[in-house]
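Asks: predicted model follows, preceded by the sequence.
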Amino acid sequence: MIIAETITEVRQQVAAWRKEGLTIGLVPTMGALHEGHISLVRESVKECDRTVASVFVNPTQFAAGEDLDKYPRTFERDVELLEQNGCDMVFYPAVEEMYPAGFGAEIQITTDMVHQLCGASRPTHFKGVCTVVGKLFNIVTPDKGFFGEKDAQQLAILKKMVRDLNFPLEVVGCPTIREADGLAKSSRNSYLSPEERAAAVILYKTMQAAKEKLESGMTDAEEVKKFMTDMIQTEPLAKIDYIQVVDGIDLIPVKEVSPGDLVALAVYFGSTRLIDNFTV
Ligand code: AMP
């Protein structure tokens with residue numbers, strides 16, 4: 001597997017692959033890789049001739065006071081996992097490679113979807129995500145980009161960015177990979193104390209119970225949210241940031257829940273904020 005630290009190296013390798021007529025898949029990550037990331041790599045390997053993963057803890061998507069400095073960095077292990085799973089190249093740029101002195105451009109979605117859900121407490125987050133993913137798309141020029149449904153708002157926003165700005169590629173969403181007890185795998189799970197880790201299973205249990213309610217005919221979004229709030233609040237270590245029901249494309253809150261809608265939540269355990277969701 002090639003480890004490329006510069007944009008020039010990536011472009012040269014991509015040009016060589018293109019000359020051979022090969023298709024390219026891109027899996028953007030912030031590293032600290034786990035089975036969730038690897039499932040995206042496997043899907044890319046399945047669908048594309050060559051797979052590029054990026055490992056870059058993108059400073060522009062963290063606000064002041066968030067966990068940029070303590071975000072886990074495990075590059076050597078990431079390289080092993082990527083190599084074992086058929087990745088052809090990892091792009092591992094320094095911050096200065098992506099944001100050289102004088103950098104001054106950004107990609108911003110201007111509809112309400114960036115203010116909903118995580119956008120309410122992280123107002124600049126998706127601008128950072130769109131900017132870095134837009135740059136990665138321009139650097140790697142993939143045929144397909146692979147993203148996890150775990151970050152459903154990010155996935156919907158990136159689909160919109162690609163549609164509205166005519167990026168010539170397909171955004172592929174991949175299912176959420178979970179721990180045995182249902183907790184969605186996340187690099188941030190490593191922040192949880194053993195007590196918080198045990199408590200966090202309430203998220204999955206609540207989503208399963210909400211799905212049953214929906215299946216048995218509950219359609220009022222407020223009722224669904226109340227049911228989920230009450231259940232999560234039975235766990236003393238959980239502090240709810242939001243529980244919301246939105247449509248699956250534009251992420252606008254709905255009153256009546258229907259198929260395709262997204263039920264999304266963010267909940268703190270101590271200082272760690274976990275997100276999860278399911279599609280109705
Ligand atoms: P991150 O490194 O957290 O920025 O995530 C990189 C990519 O992996 C994003 O597209 C995430 O949605 C995806 N991802 C993270 N966790 C999971 C998971 N548990 N299952 C599936 N995809 C995931």
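Replies: Sure thing, it's come through.

Asks: number of nearby residues for Q84?
Replies: 11 (other CB atoms under 10 Å). Every residue, glycine included, has its C-beta placed from N, CA and C.

Asks: what does the one 5 residues further on give?
Replies: Around M89 there are 23 other residues, counting by other CB under 10 Å.

Asks: now E212
Replies: 10.

Asks: report the contact partners of it.
Replies: E212 is in contact with no residue at all, counting by CB atoms under 8 Å, 6 or more residues apart in numbering.

Asks: for the helix or strand where it lies, what is the average pLDDT?
Replies: Under the criterion of DSSP states H and E, E212 resides in helix 201-215. Helix 201-215 shows a mean pLDDT of 98 in the predicted model.

Asks: using CSV, write out every CA atom in the helix or strand following that helix.
Replies: Next along the chain after helix 201-215, taking DSSP H and E as the criterion, comes helix 221-232. Extracted C-alpha coordinates of helix 221-232, given in CSV (Å, rounded to 0.1, in the frame of the first residue of the first chain):
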residue,chain,number,x,y,z
ALA,A,221,-43.1,12.9,15.9
GLU,A,222,-43.6,14.6,19.3
GLU,A,223,-44.8,11.3,20.8
VAL,A,224,-41.9,9.4,19.4
LYS,A,225,-39.5,12.0,20.8
LYS,A,226,-41.2,12.0,24.2
PHE,A,227,-41.0,8.2,24.3
MET,A,228,-37.3,8.2,23.5
THR,A,229,-36.5,11.1,25.9
ASP,A,230,-38.3,9.3,28.7
MET,A,231,-36.4,6.0,28.0
ILE,A,232,-33.0,7.7,27.7
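
Asks: how distant is helix 221-232 from the center of its chain?
Replies: Here helix 221-232 is found 24 Å from its chain centre; the criterion is CA atoms, centre = their mean, to the nearest Å.

Asks: I'd like to know which elements the helix or strand that it is followed by is packed against.
Replies: On the C-terminal side of helix 221-232, the closest following helix or strand by DSSP H and E is strand 238-246. Packing contacts for strand 238-246, counted by 3 or more CB pairs under 8 Å, 6 or more residues apart in numbering; DSSP states H and E, involve helix 118-121, helix 221-232, strand 262-269.

Asks: show the contacting residues for T131.
Replies: T131 neighbours (CB under 8 Å, 6+ apart): 60, 105-107.

Asks: state the number of residues packed around T176.
Replies: 18.

Asks: my guess is it contacts E149. True?
Replies: Yes: at 5.3 Å, T176 counts as touching E149 under the criterion of CB atoms under 8 Å.

Asks: in the helix or strand of the chain with the lowest mean pLDDT, which residues are buried?
Replies: Least confident helix or strand, the chain: helix 118-121 with a mean of 94, by mean pLDDT, DSSP states H and E. By 16 or more other CB atoms under 10 Å, the buried positions in helix 118-121 come out as 118-119.

Asks: tell me which residues are up against that helix.
Replies: By CB under 8 Å, 6+ apart, helix 118-121 touches 113, 125-126, 153, 241-242, 266, 275.

Asks: what's the farthest-apart pair in the residues you listed?
Replies: By the measure CB to CB, M113 and D241 form the most distant pair in the contacts of helix 118-121, at 17.5 Å.

Asks: how about whatever residue of the stretch 101-250 of the chain ends up closest to the ligand, phi and psi?
Replies: The minimum distance from the stretch 101-250 of the chain to the ligand, using CB to the nearest ligand atom, falls at G148 (2.3 Å). Main-chain torsions, G148, degrees, to the nearest 10: phi -90, psi 140.
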